[in-house]
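> Sequence and predicted structure are below.
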Amino acid sequence: MIRHDYAHPLRIDEASHQVARADYPRHVSQLVKQLLLTSPGERVCLPEFGCGLRRLVFAPQSDALQATVRLQVQQSIARWLRDQVELLDVEVVLGATPGSGIDEGAMLVTVSYSLVETRTPDSVTVEVR
């Protein structure tokens, strides 16, 4: 069975004039990005939804920050997306890391996961500023 879900952000497809759709792997990737980039309190109907990474951008960049980000991502995915993905790894690279190529004060978060329905591995990388 080929599964299609609504694309994020919600929009009308120009060709079909219907709500745009995304295939299952792309839809789950969009859900992970949405979770990572949403701060708790942003959504009216789901005030606890989100990861809260943007508020950590201004924290002193250290090993403790990396561990905190990793833990917040793991907990958020376990709470909100456990029926969609099986978390494999969370990698956090801080801008203060020499040779990272990231602006100081920013962080790069890579989430590696396996899709629950198809067992195929995938990953999402977001830069948080």
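Nice, I can see it. Residues are numbered from 1 along each chain as shown.
> What's opposite V93 in the beta bridge?
Per DSSP bridges, residues listed as beta-bridge partners of V93: L108.
> and what of R21?
Y6.
> Give me the pLDDT value at it.
At R21, the model reports a pLDDT of 79.
> Under the pLDDT cut-off, which ranges of the chain? List them.
1-4, 96-100 (pLDDT under 70).
> Can you name every helix or strand that the single longest helix found in it contacts?
For the chain, the helix that runs over the most residues, judged by DSSP state H, is helix 63-80. In terms of contacts (3 or more CB pairs under 8 Å, 6 or more residues apart in numbering; DSSP states H and E), helix 63-80 is packed against helix 24-37, strand 85-94, strand 107-115. All C-beta atoms are positioned from the backbone trio N, CA, C, and that covers glycine.
> Next, the buried residues of the second one.
Okay, so that is strand 85-94. Across strand 85-94, burial judged by 16 or more other CB atoms under 10 Å covers 85, 87, 90, 92-94.
> and what of the longest one?
Applying a neighbour-count criterion of 16+ other CB under 10 Å, the buried positions in helix 24-37 are 24, 27-32, 34-36.
> Could you dump the residues you listed into TSV with distance to Y6 added?
Formatted as TSV, the buried residues of helix 24-37 follow (distance: CB to CB, whole Å):
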residue	distance to Y6
Y24	12
H27	8
V28	12
S29	14
Q30	9
L31	11
V32	16
Q34	12
L35	16
L36	19
